[in-house]
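S.K.: requesting a structural model of the entry that follows:
(2 chains)
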2 protein chains.
Amino acid sequence: MCGHSIKFNFYICTEECKIKNGGVFFLGKFQHKVQIIPLGGLGEIGKNMTVFRYGDDMILIDAGLMFPEDDMLGIDLVIPDITYLVENKDKIKGIFLTHGHEDHIGALPYVMKQIDCPVYGTALTLGILQGRLKENGVGNETLHVVKPGDKINTGAFKLDFIRVNHSIPDAVAIAITTPIGVIIHTGDFKIDHTPVDGQVMEFNKFAEYGDRGVLCLLADSTNAERPGFTPSEKMVGQTFDEEFRYAKHRIIVATFSSNVHRIQQVIDTAVKYDRKVAVIGRSMVNVVNIAKELGYLKVPEGVLIDIDETHNYTPEKVVIITTGSQGEPMSALTRMAMNDHKKVDIMPGDTVIISATPIPGNEKLVSRTIDHLYKLGADVIYEKSNGVHVSGHASQEEIKMMHNLVRPRFFMPVHGEYRHLVKHANLAKSLGMPADHIVIGENGSVIELTKSSITINGKVPAGKVLVDGLGVGDVGNIVLRDRRQLSQDGIMIVVVTVDKESCHVVSGPDIVSRGFVYVREAEDLMDEARDKVQAALDRCEENNVSEWSAIKSTVRDSLGRFLFERTRRRPMILPIIMEI
Amino acid sequence: MCGHSIKFNFYICTEECKIKNGGVFFLGKFQHKVQIIPLGGLGEIGKNMTVFRYGDDMILIDAGLMFPEDDMLGIDLVIPDITYLVENKDKIKGIFLTHGHEDHIGALPYVMKQIDCPVYGTALTLGILQGRLKENGVGNETLHVVKPGDKINTGAFKLDFIRVNHSIPDAVAIAITTPIGVIIHTGDFKIDHTPVDGQVMEFNKFAEYGDRGVLCLLADSTNAERPGFTPSEKMVGQTFDEEFRYAKHRIIVATFSSNVHRIQQVIDTAVKYDRKVAVIGRSMVNVVNIAKELGYLKVPEGVLIDIDETHNYTPEKVVIITTGSQGEPMSALTRMAMNDHKKVDIMPGDTVIISATPIPGNEKLVSRTIDHLYKLGADVIYEKSNGVHVSGHASQEEIKMMHNLVRPRFFMPVHGEYRHLVKHANLAKSLGMPADHIVIGENGSVIELTKSSITINGKVPAGKVLVDGLGVGDVGNIVLRDRRQLSQDGIMIVVVTVDKESCHVVSGPDIVSRGFVYVREAEDLMDEARDKVQAALDRCEENNVSEWSAIKSTVRDSLGRFLFERTRRRPMILPIIMEI
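M.R.: Residues are numbered from 1 along each chain as shown, chains lettered A, B, ... in the order given. Predicted coordinates for the structure are as follows:
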């Protein structure tokens, strides 16, 4: 007889033993399945967050944020809806982080205010996280540093951290041994055979799990559209070398602050060509300090100088590392390009290397920055030049390699827009996986995994929570709809003061508009608009309409029609009635 | 003695003859120079428009529009500032069009309302233009059809039209013979050795002009960043062939309506694989009709069917050509993707080919469309697949070919953002042109060309005129600034009614907000806000502040500070005081 208790590892409980012992009934039905519940990262790039549940034990992998879409006017950032987590907060045994990018850790300051559980991550991941927590007034008492090879047992789960390559050091995949089998979540990864820090992805561990049998793989789909292999980070170093060798003036390199390997390569090349390095941009300075402190960034004594000291050196002896590779309006590089930086003026002859690819949506901002830099006389090396940036995500051939190392029974693509998930699923099929062994989930899908099946069974609340200033979730669809209307055609406010007793208008109608037309040049239009409102009010009086809401609606309709006829615009019309 | 009069063609007036006859003085200084004045298209993609002036004779090449930048909220389109043209309207001898794209003809409905002169273009160009003019209530009496090889003499200028390849049929470059030499304006072009209509670019004519001597070249810079050659349009036809051959269901092809060659290839491939073709999307239907009528599109009898007839055929017998390749929200393909099209429902198994590249800024819209199509079960062939689209603009090797055919003395890159112009200038230098023979102008620059020099000398008014609904130019910086503020944090309106005599508040303060927070969930905040305003009003009364502007400003400051502290947002605050 199979003596497995609920807490026992069922991994070795064979089908045969289940049948012998009454199987499902004996063990309790829910015990033979794991629920995988993505709360973010499916059908979108960003806010990655996945729940794994076995009975009453839950763990979470990552808790990221997303940057707002264009139509989310005024929104600062977007985090996952964690209603489901809050409802089950006592069951959550821990949050496990794959790496320190915003789309994997950025929601934690908000999540940790509502959920109290240990948070595990590698040293650099937690180093970066600590800064975020501090800014948000959240304590760091529950953080636990792990390293590749460490194993954590919690509830029904045993977690094992496996080193992968990515565009930030200290990234890990996570193998979760559950009572019904092993699930591997790759996190973000690429295969880099020549990583800058020499720390190659632990192929052997993936292979070992593959040999022992993996029930399900969740893998990064970001680059599932891209054929071939993603080049090694070292390639960018070669580009730096070529540019540094011939540059006769200052060199300014903009990149992602979290790309410590890239920064290392800038520093190494600067040392080789005898240049000093200054670092600017708040997040760049922060990450460089953390990475130096933790030993991820190796800088020889005397190489780093303060930005104010750069004036003590001739331009051909200086490199500046900066933020702003996405053309972000307030970033250091953008300010330089707009001739608006306090400490750095672009000089003719400077070489600016934008070592990044524009994130979708940022193309125009980046182009504008490049144009302005050219106008100031700089030479700009950017995306269109080869070798100035490489992706941190696996292309199709690397994805296939991951599948063939792990050889999972079931597969669920994660991290990507819907088309990426479909392409990834197609890749898996091309490797021989049956279609019914693959699930393309949505945020909130409850994916039930047994030893012999993967199915979507139910839905939990999931979605986008908008953060605007200090408000978390207080901007919803109505507010956004209003902002959209206001942004298109502005607003026209109509105020009248009415005597409560007599219902007579005693003052007004006054009309004020903003964002509609430049009023000084449209006085006639405004006068006519006032006449229209007056006529509408007169009609109400004639017809004994005395309900404020009916009067407002008459004014809104009449004025709206007039303005559309005259201008083909539809400003928001806001009638206000003051009673005295 | 040189007997040239003012109207005489100075082309053969040698330096020697000038000196003999007192040169500059005798002939009048301005006669020996041509002014080139770009009013659009420099430092931007779009609204191409260039003035050529010799003495009192002016001609214009193209009059295009531009689509609004992201920060031009609510704006429909952007046209060049034509103050300079209006001031000189009597001097304008004609407007000459290179091809029928919006960025070359789209401003004409506005320009032609203010300037009365002949407009010359090829048949398809004017066919498309006529539609635009009709929509805008502008007559077509001044349109004159020309064809490659035609020559027009007007004032001091002789114009010759030279066939080029582009992503629309009937595109021409223009050679302008002026009294001081020949200027060639390429318009938009690419070199296609195997164009769909067999009409190869007239290399011989460029070469002939080159042999005789070209004073200045103005050439398309759009793809100056791109190494190598732009592939032939025929390549897309091969892709269509592969997709059509294996498609088992309906095929839907989205592309630019003006790309008649592309549409021809869809039709040809449909005929080959025995499918019927239906056309949807307003602009697609329009262009197909015009192109068919003018003979640019050749459709065998019985191939085109109405969209309502598609139901009479099995899916594998149907091709639909549609607009929406840029993910435009109201376009036919976007509606299909959102399951919101009146006549076409996407069915699982459909193949959707998006035969276009997203124009910068449209990437996210296109991605969203693709994702939705996948969700509906379609297979989508798009940008990331090879061969689904080719550019209509010359890449670096083609640009070099143009320079080496024309061998101009001077050069001015046109059509491109600033970085494109710089890259194009660098290409010209790499071919041996001295730096002082190249001018990178700006919109409004007055570029003076003599037989021996090219210089920027002065500036005329130039810029962006915003079109919003029926308003042309009535939305300026203040309105846009207001729309931006409204779009970010909404508006809060504070109304009080005050007795004129006593200065006492008799009603209010009332507070109304839109686009700020969802008021029902923020009642406390609104109550507190009202208290703040009341306190501010009380302070004004205590301190005997009675000027409305001072009271308003106190209210604005006090409420603004409070809201920022509480929400970190800065809604527009609009105090309104009603007097009774």
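
S.K.: interface residues of the stretch 301-450 of chain A facing chain B?
M.R.: Contacts of the stretch 301-450 of chain A with chain B, taken as CB under 8 Å from any CB of the partner chain, map to A:360-361, A:363-364, A:367, A:370-372, A:374-375, A:380, A:384, A:417-419, A:422. Every residue, glycine included, has its C-beta placed from N, CA and C.

S.K.: quick one, which of the residues you listed are buried?
M.R.: Buried subset of those (neighbour count, 16 or more other CB atoms under 10 Å in any protein chain shown): A:361, A:363-364, A:367, A:370-372, A:374-375, A:380, A:417-419, A:422.

S.K.: next step: those residues restricted to strands.
M.R.: residue A:380 (DSSP state E).

S.K.: one step back: which two of the residues of the stretch 301-450 of chain A next to chain B have the greatest separation?
M.R.: A:375 and A:422 (42.7 Å; CB to CB).

S.K.: the residue in the stretch 51-200 of chain A that chain B sits nearest to: which element?
M.R.: Here the stretch 51-200 of chain A gets closest to chain B at one residue, residue A:74, 4.0 Å apart by CB to the nearest CB. Of the helices and strands defined by DSSP states H and E, none includes residue A:74.

S.K.: among the buried ones among the residues of the stretch 301-450 of chain A next to chain B, find the lowest-pLDDT one for me.
M.R.: For those, the least confident position by pLDDT is residue A:361, scoring 84.

S.K.: the closest residue to that one other than its chain neighbours and residue A:440, how far apart?
M.R.: With sequence-adjacent residues excluded and distances taken as CB to CB, 6 or more residues apart in numbering or on different chains, residue A:361 is closest to residue B:364, at 5.3 Å. Distance, residue B:364 to residue A:440, using CB to CB, to the nearest Å: 21 Å.

S.K.: for the stretch 101-250 of chain A, which residues are neighbours of chain B?
M.R.: A:225, A:226.

S.K.: which stretches of the stretch 101-250 of chain A form helices?
M.R.: Using DSSP state H, counting those that start in this stretch, the helices of the stretch 101-250 of chain A run over residues A:102-105, A:108-114, A:123-135, A:203-212, A:234-246.

S.K.: off-centre distance for the first one?
M.R.: Shown here is helix A:102-105, whose average C-alpha point lies 6 Å from the average C-alpha point of the whole chain (CA atoms, centre = their mean, to the nearest Å).

S.K.: flag the shaky bits of the stretch 351-500 of chain A, pLDDT-wise.
M.R.: Judged against pLDDT under 70, the stretch 351-500 of chain A has no low-scoring part.

S.K.: can you list contacts of the one helix or strand residue A:400 maps to?
M.R.: Element membership for residue A:400 (DSSP H and E) is helix A:396-406. Helix A:396-406 has contacts (CB atoms under 8 Å, 6 or more residues apart in numbering or on different chains) with A:184, A:186, A:189-191, A:203, A:206-207, A:209-210, A:214, A:217, A:219-221, A:223-224, A:226-230, A:394, A:411, A:424, A:427-428, A:431, A:433.

S.K.: just the buried ones from these, in ChimeraX syntax?
M.R.: Selection of the buried residues among the contacts of helix A:396-406 in ChimeraX, burial being defined by 16+ other CB under 10 Å:
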select /A:184,186,189,190,191,203,206,209,210,214,217,219,220,221,223,224,226,229,230,394,411,424,427,428,433
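
S.K.: so which of the contacts of helix A:396-406 are in strands?
M.R.: Reading strands off the contacts of helix A:396-406 with DSSP E, I get A:184, A:214, A:217, A:219, A:220, A:411.

S.K.: max pairwise distance over the residues you listed: which two?
M.R.: A:214 and A:220, at 15.9 Å, using CB to CB across those.

S.K.: pick the one among the buried ones among the residues of the stretch 301-450 of chain A next to chain B closest to residue B:448.
M.R.: Checking these one by one against residue B:448 (CB to CB), the nearest turns out to be residue A:375, at 21.8 Å.

S.K.: report the beta-bridge partners for residue A:512.
M.R.: residue A:493 (DSSP bridges).

S.K.: check whether it really touches residue A:493, as I assumed.
M.R.: Yes. Counting by CB atoms under 8 Å, residue A:493 is a contact partner of residue A:512 at 4.7 Å.

S.K.: joint contacts of the two?
M.R.: B:574, B:576.

S.K.: with adjacent residues omitted, what lies nearest to the closest residue to chain B within the stretch 201-350 of chain A?
M.R.: Going by CB to the nearest CB, chain B is nearest to residue A:225 of the stretch 201-350 of chain A, at 4.6 Å. Distances taken as CB to CB, 6+ apart put residue B:384 closest to residue A:225, at 4.6 Å, once the chain neighbours are dropped.

S.K.: in contact with the residue lying closest to residue A:278 once chain neighbours are set aside, which residues are there?
M.R.: Nearest residue to residue A:278, sequence neighbours excluded (CB to CB, 6+ apart): residue A:307, at 4.5 Å. Each residue near residue A:307 by CB under 8 Å, 6+ apart is listed here: A:278, A:279, A:280, A:320, A:343, A:344.

S.K.: could you rerun that using 6 Å?
M.R.: A:278, A:280, A:343 (CB atoms under 6 Å, 6 or more residues apart in numbering or on different chains).

S.K.: which one of those has the most neighbours?
M.R.: Using other CB atoms under 10 Å in any protein chain shown as the neighbour criterion, residue A:280 leads the contacts of residue A:307 with 24 neighbours.

S.K.: neighbours of residue A:114, just the number please.
M.R.: Around residue A:114 there are 10 residues (other CB under 10 Å).

S.K.: now residue A:288
M.R.: 22.

S.K.: that one against residue A:279, yeah?
M.R.: Yes. In this structure, residue A:288 is within contact of residue A:279 by CB atoms under 6 Å, at 5.1 Å.

S.K.: mind giving me the domain ranges of chain A?
M.R.: A:21-228+A:391-471, A:234-381, A:476-579 (automatic domain parsing).

S.K.: redo those as CSV? Include distance to residue B:56.
M.R.: Formatted as CSV, the domains of chain A follow (distance: least, CB to CB, whole Å):
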stretch, distance to residue B:56
domain A:21-228+A:391-471, 48
domain A:234-381, 34
domain A:476-579, 33
